[in-house]
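Peer 1: Sequence plus predicted model, see below.
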Amino acid sequence: MVFRILDVLIATVFAGCLVFWLWAELVFYQAVRAYIDQDPLHPTAPTLDGFPRPTKALARFWLGPAEKKQGVLSWDEKMAVVRRYRWTEVLFAGLALLVFLAGLWRFWQGDQGGLLSLSASSKRQASQPIAAIQLSISRHPLIADFSRTGRSLPETVDPYSSDPSQVDVRSKDLTSMDLSGRGSVLAFANFDSKTKWPDKDKMPPDFKPETVMETGKNPGLGLASVHAAGITGKGVGIAIIDQALLVDHAEYKAELRHYEEIHWPAQYPTATMHGAAVASIAVGKTVGVAPDADLYYIAEQHTSFEPPYDLDFIPLAQSIERVLQINQTLPKENKIRVISISRGWAPTDRGYAEVTRAVNKAKSQGVFVVSSSVAQTHGLSFHGLGRDPLASPEKPESYGPGSWWAKDFYDGRYPNVERGDVLLVPMDSRTTASPTGTEDYVFYRSGGWSWSIPYIAGLYALACQVDPKVTPDSFWDAALATGDTVDIDAGGRVVHMGRVVNPAALIKRLSK
């Protein structure tokens with residue numbers, strides 16, 4: 001509201017200065033020139049009767065000396081009248097220029113959908129003020145269909161690739177293929193409940209998709225024992241800001257308290273793979289870290305809707321503000337304590353100032369914003385772990401560096417991980433909810449921080465359940481202090497990798 005008032009004030013002052021300056025040129029200056037150029041032998045006092053009352057005071061400032069002396073002025077005194085007029089004119093022209101520059105600055109800043117901002121999201125913010133909060137499911141995005149997307153099966157794979165979809169057979173019909181000799185490729189495959197496999201004799205003997213899928217559902221690292229002890233995030237709110245969600249999926253439907261969309265394109269009516277994944281990792285009843293936490297979800301797109309799809313984090317800032325508004329209406333015992341945003345932002349991005357300001361506001365209200373930018377917003381560092389699809393998710397030694405940063409780790413480029421300064425959480429080889437059906441699942445062989453961030457948010461919800469006074473710093477310190485160190489053979493060199501989060505030890509420490 002403050003920024004809107006500021007925009008209106010800027011526009012009003014600018015318009016007023018501009019109109020006055022033009023009026024001075026057309027009316028006042030003519031009056032001054034008529035007086036200066038009059039016959040010196042028959043001087044007459046200038047009259048102010050023709051000027052409107054609001055401007056008569058300024059006219060008297062210019063022509064007052066001549067009025068007092070009944071028009072009898074020396075040449076120097078006449079020039080003083082001209083200079084006085086000119087300086088006043090310069091003053092108003094300069095003020096108009098300054099206000100115009102202020103308007104340009106506000107345009108480029110795009111502060112909270114200001115009046116002078118022309119971005120689509122800002123215009124919507126200005127023209128559609130947020131209504132009174134009523135928790136609801138505002139839309140039911142359609143089920144997704146991946147059968148016609150993806151790529152053909154590659155001949156080889158790069159185990160250190162940063163491409164999480166180099167082998168993508170989600171919802172594909174592979175029944176006519178002989179995959180018996182393709183085990184090394186399928187070991188890096190993303191597949192889902194709708195993937196159709198060939199008969200057993202045409203499958204690699206060491207690749208068992210059903211086993212891989214079920215193993216990947218386990219959030220791992222002892223969380224089952226934490227849940228069995230009643231630490232499930234019950235009574236704690238988690239907000240997620242991400243892409244459109246399949247709201248009726250069995251993994252999180254019972255926990256979903258609110259769903260709405262802010263700056264989401266109407267041309268994308270279907271649910272997304274990203275939304276279903278992050279929601280289920282955080283609160284999923286079988287794959288989630290905090291299966292009884294309350295979920296508040298906002299779908300948002302932080303780009304323009306048309307090519308070249310420029311980044312704009314103003315809608316993300318608005319979404320954070322919306323979460324905080326919702327939180328103000330919740331009872332004390334059911335507050336939102338953490339926001340999961342699987343995205344980061346840089347100082348060069350449009351909306352950086354706005355989203356940073358929104359995160360700081362959340363911090364001041366006791367809400368932890370976990371994002372890819374958590375290092376710059378909170379001074380905290382994390383990384384994502386990799387795991388062989390058939391290795392036990394329960395054992396810390398099953399984990400290593402994530403696929404896309406493993407090579408750099410083995411080359412010694414992550415000394416902070418070796419020192420144990422970084423919190424390590426599961427990332428690769430995860431099974432999550434799929435947007436292709438309300439009871440469908442999908443296995444992602446290679447993940448990204450997008451999967452680690454809701455995992456951390458879920459852990460924080462567990463921490464809030466046992467210690468309502470916990471803070472991001474105390475949580476992080478406890479997680480590092482109780483984490484495990486794993487020794488890894490890096491080509492004959494033993495490398496210490498830490499700290500791998502130990503949920504049971506973390507909760508035990510915070511419970512004290």
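Peer 2: Received, thanks.
Peer 1: Let me see the confidence value for Val495.
Peer 2: Per-residue confidence (pLDDT) for Val495: 89.
Peer 1: what does the one 3 residues further on give?
Peer 2: Reading off the per-residue confidence, Gly498 sits at a pLDDT of 87.
Peer 1: A helix includes it, no?
Peer 2: No - under the criterion used here (DSSP: H, G, I helix; E, B strand; the rest coil), Gly498 is strand, not part of a helix.
Peer 1: From Gly379, how far out is it?
Peer 2: 19 Å (C-beta to C-beta, to the nearest Å). All C-beta atoms are positioned from the backbone trio N, CA, C, and that covers glycine.
Peer 1: more neighbours, the two?
Peer 2: Set Gly498 next to Gly379 and count neighbours by other C-beta atoms under 10 Å: Gly498 wins out with 19 against 10.
Peer 1: gap between the two ends of stretch 344-357?
Peer 2: End-to-end distance for stretch 344-357: 14 Å, by C-alpha to C-alpha, to the nearest Å.
Peer 1: For the helix or strand hosting Ile507, what does the pLDDT average out to?
Peer 2: Using DSSP states H and E, Ile507 sits within helix 503-511. Average pLDDT, helix 503-511: 97.
Peer 1: got it, and stretch 441-454?
Peer 2: 96.
Peer 1: Determine how far that stretch lies from the middle of the whole chain.
Peer 2: 18 Å (C-alpha atoms, centre = their mean, to the nearest Å).
Peer 1: And stretch 417-428, what's buried?
Peer 2: Neighbour-count burial for stretch 417-428, counted by 16 or more other C-beta atoms under 10 Å, picks out Val417, Glu418, Gly420, Val422, Leu423, Leu424, Val425, Pro426, Met427, Asp428.
Peer 1: which one of those residues is nearest Val374?
Peer 2: The shortest gap between Val374 and any of those belongs to Leu423, at 10.0 Å (C-beta to C-beta).
Peer 1: Please name the nearest non-neighbouring residue to His378.
Peer 2: Pro472 (5.5 Å; C-beta to C-beta, 6 or more residues apart in numbering).
Peer 1: Please verify my assumption that that neighbour contacts Leu380.
Peer 2: Yes - at 6.8 Å, Pro472 and Leu380 qualify as touching, with contact defined as C-beta atoms under 8 Å.
Peer 1: Direction included, what does the one helix or strand Ala299 maps to pair against?
Peer 2: Using DSSP H and E, Ala299 maps to strand 294-300. Take DSSP bridges as the rule and strand 294-300 pairs in its sheet with strand 237-242 (parallel), strand 256-262 (parallel).
Peer 1: Return the list of helices and strands in contact with the helix or strand following the longest one.
Peer 2: Pointing back at strand 256-262 there. Proceeding N to C from strand 256-262, the next assigned helix or strand is helix 273-283, under DSSP H and E. Applying 3 or more C-beta pairs under 8 Å, 6 or more residues apart in numbering; DSSP states H and E, we find helix 273-283 packed against strand 237-242, strand 294-300, strand 430-433, strand 441-444, helix 449-466.
Peer 1: Could you check the last one and say which residues are buried?
Peer 2: In this case it means helix 449-466. Buried residues in helix 449-466, counted by 16+ other C-beta under 10 Å: 449-466.
Peer 1: Now render the helices and strands packed on helix 273-283 as TSV, adding distance to His249.
Peer 2: Formatted as TSV, the helices and strands packed on helix 273-283 follow (distance: least, C-beta to C-beta, whole Å):
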stretch	distance to His249
strand 237-242	13
strand 294-300	11
strand 430-433	5
strand 441-444	10
helix 449-466	14
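Peer 1: Sweet, I'm off.
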